[in-house]
Structures are given as structure tokens and as C-alpha cells.
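# how would this look folded up:
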Amino acid sequence: MKAMILAAGYGTRLRPLTNDLPKPLLPVGPRPLIYYNLLLLKKYGITDVFINVHYLADKIIKEVGNGLRLGMNITYSEESQILGTGGGIKNIQTAIARGTFLVINADILIDLNLDKLVEFHHRKKGAATLVLREDPEVDRFGAIEVDPKDQIRNILGKTTWNGEKARRMMFTGVHVMEPHVMDYVPARTFYSITDAYVEMLRKNEKLFGYVTRGYWNDIGEIDRYKKADRDLKQGKIRLSYIRSETAV
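Next comes the predicted model:
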């Protein structure tokens, strides 16, 4: 399986920390943020990874390189005009046209069993599986409603569901998708993958939610970034894919 890390954003919520450093390279604990997701993918044998870049792209490419020292193969999708979460994936559509594909946001820190996630996705036979979690501040992130059989019925209140009572969850920034999801994303323009998923629900496409209860943090805000950095340095966070001998 191939994967993509979405790393093109401006990191505006983290200014001034991101004035001269792209968000994926902010130090979190002993290493830049982007390495955590790369090491997570590597643990589960996903070594063929695309990274889209735009803001301060040269710094990301110089730091991470071609992935050789990690035992991975990294390809960059350089966006002269930022394309968003949907447009960025669409930009590498040819490369992901042959099978199931995993996408992860560069600005999250998560511990997740990717084998179980992919098995769930194939068992449900949906077009996409979104990794979700319960959160008391679900409305701040945007609620996704999931029925008792794990099927997503509403995203951000933009569709209608009158069936069984649904659980309200938040999206973690990790999803698994089939190639035809890209049929809902226009080419060469800024587009959100969320808008594509909303349109898919309206067309009765099947999307599922995989619930995780493991560690997760959105590093996109200064307070949350500082807490994650502090907790990692103090050993309060244990990530299953980080070992003492990890090289980066």
C-alpha cells in the first residue's frame, strides 16, 4: 500500500513559530513533527510515501530527503499553487489509481494500529474509511455522525439522516480510500476532501468510521503543540512506533 502525508499548509495558527519553519518541521520532543507519521507508516510496512509540499517546500525536501536513511521511498508532489486536502491528493491520482491508499495529515500526532484500520476498511467494502474519535469538544472540530453499523451518515451537518441514532465523532486526519474517491475531486484547483466526502454521501456512496481510542493530538495550535512537545520530553507520551534506538 502507498500513503500520502499532507504537508503543504501555511501553519498560520502556529505563527510566529512557522514564520521561517514549515509546520511539519517544528520540533516535537526530540525530532521534527513529520518524522512521527513517517515512522508510524514504516512500522506497518508502508514505505512508499508521497508528501505534498508548498509553503517553505525546499526546507521539508532538504530535511527529509528521499527517505533512504529511513528505509523508505519518498516522492514529493510540489504544488506551485496550494491545492488543499482534496486537490493535493488529486494531483497524484495517477500514482494511486491501482489500489487502496492511506492519507494522513502532517500536523497530527497519533498512535494507531494501521493493520487493523486497513482490515476494517476492506471488511466494510466502503469507498473510504475515516479514522474518528470521541471528544468532548467534538463541535469545535466538526461533528461526523456514524450509525450503529459504523457507516457515516452526516458530515458537518451538511447532509440529512433520519435513521437510527448516530454517534457524533471527530475526524483525526487519517483516512483510507479507494481510487474512485478522486472522481469527486476536480483537477488542478483548490478543493477540500471533506467536500468530496459530503458529495459522496449525497450520492449514496458508502463511507465508514473507524474509531480509535489511542493517543491523538492536533499540533496545529500553539497551546496543543507546546503540550505535546512538553509531554514527549517528560516521557508522558509513549508511542508504540518510537523506540529508544530510533535513528531520527
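
# tell me where the protein has strands.
For the chain, the strands defined by DSSP state E cover 2-6, 27-28, 31-32, 48-53, 73-78, 101-105, 108-110, 128-133, 144-146, 152-155, 167-177, 207-211, 216-218.

# show me how far the first one is from its chain's centre.
What that stands for is strand 2-6. Counting by Cα atoms, centre = their mean, to the nearest Å, strand 2-6 is centred 8 Å from the centre of its parent chain.

# repeat for the fourth one
Offset of strand 48-53 from its chain centre (Cα atoms, centre = their mean): 12 Å.

# so Ala187 sits against Lys90, correct?
Yes - counting by Cβ atoms under 8 Å, Ala187 does reach Lys90; the two are 5.7 Å apart. Just so you know, the C-beta spots here come from the backbone N, C-alpha and C atoms, and that holds for glycine as well.

# who's the closest spatial neighbour of Gly67, skipping the chain neighbours?
When the adjacent residues along the chain are set aside, Gly67 lies closest to Ile74, with 3.5 Å between them (Cβ to Cβ, 6 or more residues apart in numbering).

# and the one you found, what is it in contact with?
By Cβ atoms under 8 Å, 6 or more residues apart in numbering, the contact set of Ile74 is Leu38, Val49, Phe50, Ile51, Val64, Gly65, Asn66, Gly67.

# can you pull the contacts of the closest residue to the first one other than its chain neighbours?
Among residues not flanking Leu38 along the chain, Leu70 sits closest, at 6.1 Å (Cβ to Cβ, 6+ apart). For Leu70, the contact set (Cβ under 8 Å, 6+ apart) comprises Leu38, Leu39, Lys42, Ala247, Val248.

# I'd like to know which of those residues are part of helices.
Under the assignment DSSP state H, the contacts of Leu70 contribute Leu38, Leu39, Lys42 to helices.

# test my guess that the second one contacts Ile242.
Think Leu39. Yes - applying Cβ under 8 Å as the test, Leu39 and Ile242 come out as touching, 6.5 Å apart.

# for Ile219, see how far away the spatially closest residue to Ile237 that is not a sequence neighbour is.
Leaving out its chain neighbours, the residue that sits closest to Ile237 by Cβ to Cβ, 6+ apart is Asp231, at 4.7 Å. To Ile219, Asp231 is 12 Å away according to Cβ to Cβ, to the nearest Å.

# compare those two and say which one has the larger neighbour count.
Between Asp231 and Ile219, counted using other Cβ atoms under 10 Å, the more crowded position is Ile219 (25 against 16).

# show the pLDDT at that one.
Predicted confidence (pLDDT) for Ile219: 91.

# what sits against it?
Here Ile219 is in contact with Leu14, Lys23, Leu26, Val28, Leu33, Asp107, Ile108, Leu109, Tyr225, Ala228 (criterion: Cβ under 8 Å, 6+ apart).

# who's the residue nearest the centre of the chain bridged to?
In the chain, the centroid-proximal residue (Cα atoms, centre = their mean) is Ile104; its distance is 2.2 Å. For Ile104, the beta-bridge partners under DSSP bridges are Ile5, Val174.

# sorry, back to before: JSON lines for the ones in helices among the contacts of Leu70, including distance to Asp139 and pLDDT?
Putting the ones in helices among the contacts of Leu70 into JSON lines (distance: Cβ to Cβ, whole Å; pLDDT from 0 to 100) gives the following:
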{"residue": "Leu38", "distance to Asp139": "32", "pLDDT": "97"}
{"residue": "Leu39", "distance to Asp139": "32", "pLDDT": "96"}
{"residue": "Lys42", "distance to Asp139": "35", "pLDDT": "96"}
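
# quick check, nearest of the residues you listed to Arg238?
Of all these, Leu39 has the smallest distance to Arg238: 13.7 Å, by Cβ to Cβ.
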